[in-house]
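Asks: Okay, sequence plus prediction incoming.
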Amino acid sequence: MTLSDVADADRFVDLAGLLESCEVDGFRADFLSWGHYRPEYWRNYWHSHSFHEVCLAYSGSGRFNNGTVQYDVAPGSVFLARPGDVHEIESSHAEPLGIAFWGFTFRPGSDEPGWWSGLTRADGPVLSDRVGTLPALITALAAEAAAPVSGYNAVLGALGGTLVLETARAFALDDDLAVEPVRRDRGLLVVEAMQRHLRDNLSRPITVRDVAAVVHLSERHAERLFTQQTGASIMATLWRLRLELAAQLLLDPALTVTAVARACGYSDVRPFSTAFKRHYGRTPGEHRRSGGTEFV
């Protein structure tokens, strides 16, 4: 999604009354104004707001006066008027300025993240070229608002929350945005996917080839990784999971031993009974009669 997509913004005002508030990162954001100025000459004279107003220029050029400082704006400029800032915007005559704008208030929690200070501190920047996903978010909000369907409240709330986050990012210090994401070990994630496949298919014939294909690895690589992470082979784990399931199902008197065997991937009762006794030290029938308990 690019800035040119924002130019088709006739529907943007339809957000009024649809997106009113959202919860984001520990605080509530209340949206108060939405709109756009078409790329034709215009000027909104000196004024101030009791809320944050953000503008994204998508075409043309102009100027943003904030207090005693004048800023030149062009496509890709994001500029901000904080509560109480006296400001005005004027489009160029030669290259009319087109902007989308949104206004919101928010109430930070006690553990306000430091990077929000780009919005809250009075001496923070008022102009940024860190557009990020703002054009895509505005376009998505406009499209959702133009033709609401079931679930639109949740979609608008999610998009609105992301819009506030992206706005804060646009004005945050680089140091405040730097984080070290927590990443899980990929090998562990792959093995979890293989284990999940085993559990989801206990009643079906399964081979190492099938399990390896799920995670797009060779059989040899999949088996080696699985054994390293779990201490057991894929087939040994499958055997154990099937018998653990069988031990639970046998406690249901409505199920025959044959039905339990088939639910656990055994086509015949005899090999199932043999495997069950080898693992638990008693037959399926004895397990059922004891109610799953074992006395020493």
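Replies: Right, received. Where do you want to start?

Asks: And the average pLDDT for stretch 257-268 is what?
Replies: The average pLDDT for stretch 257-268 rounds to 94.

Asks: what residues are up against residue 87?
Replies: Residue 87 makes contacts with 46-48, 64-67, 81, as judged by C-beta atoms under 8 Å, 6 or more residues apart in numbering. No exception for glycine: its C-beta is placed from N, CA and C like everyone else's.

Asks: Which ones among these map onto strands?
Replies: Per DSSP state E, strands hold the following members of these: 46-47, 64-66, 81.

Asks: are any of those residues buried, and which?
Replies: Taking 16 or more other C-beta atoms under 10 Å as the criterion, what is buried in the ones in strands among the contacts of residue 87 is 64, 66, 81.

Asks: Relative to residue 73, which of the residues you listed is nearest.
Replies: The nearest member of those to residue 73, counting by C-beta to C-beta, is residue 64 at 5.2 Å.

Asks: got the buried residues for stretch 27-42?
Replies: For stretch 27-42, by 16+ other C-beta under 10 Å, it's 27, 29, 31-32, 34, 36-37, 39.

Asks: quick one: terminal-to-terminal distance for stretch 144-162?
Replies: 15 Å (C-alpha to C-alpha, to the nearest Å).

Asks: quick check: mean pLDDT across that stretch?
Replies: Stretch 144-162 comes out at a mean pLDDT of 89.

Asks: swap in stretch 96-108?
Replies: On average, stretch 96-108 scores 86.

Asks: Report the distance from that stretch to the chain centre.
Replies: 23 Å (C-alpha atoms, centre = their mean, to the nearest Å).

Asks: got a list of contacts for stretch 237-246?
Replies: Taking C-beta under 8 Å, 6+ apart as the rule, stretch 237-246 contacts 195, 198-199, 202, 206, 226, 230, 232, 260-261, 263-266, 272, 275-276, 279-280, 284.

Asks: Look up phi and psi at residue 136.
Replies: Main-chain dihedrals, residue 136, degrees, to the nearest 10: phi -60, psi -40.

Asks: Quick check: the gap between it and residue 56.
Replies: 11 Å (C-beta to C-beta, to the nearest Å).

Asks: For residue 277, give me its contacts.
Replies: By C-beta under 8 Å, 6+ apart, the neighbours of residue 277 are 283-284.

Asks: Poorly predicted segments of the protein, please.
Replies: 1-14, 16, 107-114, 294-296 (pLDDT under 70).

Asks: In it, spot the helix with the most residues.
Replies: Taking DSSP state H as the criterion, the chain has its longest helix at helix 152-171.

Asks: What is it packed up against?
Replies: For helix 152-171, the elements it packs on are strand 21-24, strand 27-37, strand 78-81, strand 98-107, helix 117-120, helix 134-146, judged by 3 or more C-beta pairs under 8 Å, 6 or more residues apart in numbering; DSSP states H and E.

Asks: same thing but 7 Å
Replies: For helix 152-171, the helices and strands in contact under the criterion 3 or more C-beta pairs under 7 Å, 6 or more residues apart in numbering; DSSP states H and E are strand 21-24, strand 98-107, helix 117-120, helix 134-146.

Asks: Following the chain onward from that helix, which element is next?
Replies: helix 174-177 (DSSP states H and E).

Asks: As PDB, could you dump the C-alpha coordinates of that next one?
Replies: In PDB, the C-alpha atoms belonging to helix 174-177 read as follows (Å, rounded to 0.1, in the frame of the first residue of the first chain):
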ATOM      1  CA  ASP A 174      15.400   5.800  17.500                       C
ATOM      2  CA  ASP A 175      16.900   4.700  20.800                       C
ATOM      3  CA  ASP A 176      13.400   4.200  22.300                       C
ATOM      4  CA  LEU A 177      12.300   2.100  19.400                       C
END
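
Asks: distance between the helix or strand containing residue 271 and the chain's centre?
Replies: Secondary structure from DSSP H and E places residue 271 in helix 269-280. Taking the mean of its C-alpha atoms, helix 269-280 sits 45 Å from the chain's own mean (C-alpha atoms, centre = their mean).
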